[in-house]
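# Test case, fold it:
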Amino acid sequence: QVQLIESGGGLVQAGGSLRLSCAASGRTDSTYAMGWFRQAPGKEREFVAAIRWSGGITRYLDSVKGRFTISRDNAKIAVYLEMNSLKPEDTAVYFCALDPYGSWWYVEHEREYDYWGPGTQVTVSS
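Take a look at the predicted model:
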């Protein structure tokens, strides 16, 4: 069983930066990709970014392109989300997720991911 734990959330002013981390523990037979999703109050959870473990290919939600950067640590199963130029609309609970066997076609879909962290709150004040 794999456990994911996010850290790095907090309160920041608009225009500021935060770096989220997600570390995996336990045994996983495979890591195809890891992703970040977010859920704002009253809204459905949405895809933010993903990284494929082999090759480091990335994909982003259009509204975060150029502001957010996802990266990974191959030595340990960990993924990071560097968030710059934050906006109030980025306020949400951010979740990391692990896809052990997937398809890059569907990496934006929640159902691709078998393991999820409990989430970390990011609040951006105006």
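# Quickly list what the residue most central in space within the chain is bridged to.
In the chain, the residue lying closest to the centroid (Cα atoms, centre = their mean) is Trp36, at 1.8 Å. Trp36 forms beta bridges with Ala49, Cys96, as assigned by DSSP bridges.
# Pull the contacting residues for it.
Leu20, Cys22, Val48, Ala49, Ala50, Ile70, Val79, Leu81, Tyr94, Phe95, Cys96, Ala97 (Cβ atoms under 8 Å, 6 or more residues apart in numbering). (C-beta placed from N, C-alpha, C; glycine too.)
# ok, those residues vs Val122, which is closest?
Tyr94 (5.5 Å; Cβ to Cβ).
# State the distance from the residue nearest to that closest one when sequence neighbours are not counted to Val124.
Among residues not flanking Tyr94 along the chain, Arg38 sits closest, at 4.8 Å (Cβ to Cβ, 6 or more residues apart in numbering). For Arg38, the distance to Val124 equals 12 Å [Cβ to Cβ, to the nearest Å].
# Find the residues that touch each one of these two.
By Cβ under 8 Å, 6+ apart, the residues touching both Arg38 and Val124 are Asp90.
# Gly16 versus Ala97, what's the distance?
For Ala97 relative to Gly16 (Cβ to Cβ), the value is 25 Å.
# Pick out whichever of those two has more residues nearby.
Neighbours around Ala97 and Gly16, counted as other Cβ atoms under 10 Å, are more numerous at Ala97. The numbers are 22 against 14.
# Pull up the per-residue confidence for the more buried one.
pLDDT recorded at Ala97 is 97.
# Pull the contacting residues for the closest residue to it other than its chain neighbours.
Excluding the flanking residues, the one nearest Ala97 by Cβ to Cβ, 6+ apart is Tyr113, at 3.7 Å. Taking Cβ under 8 Å, 6+ apart as the criterion, Tyr113 is in contact with Gly35, Ala97, Leu98, Asp99, Gly102.
# Including distance to Gly10, could these go into TSV?
Shown next, in TSV, are the contacts of Tyr113 (distance: Cβ to Cβ, whole Å):
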residue	distance to Gly10
Gly35	21
Ala97	21
Leu98	23
Asp99	27
Gly102	30
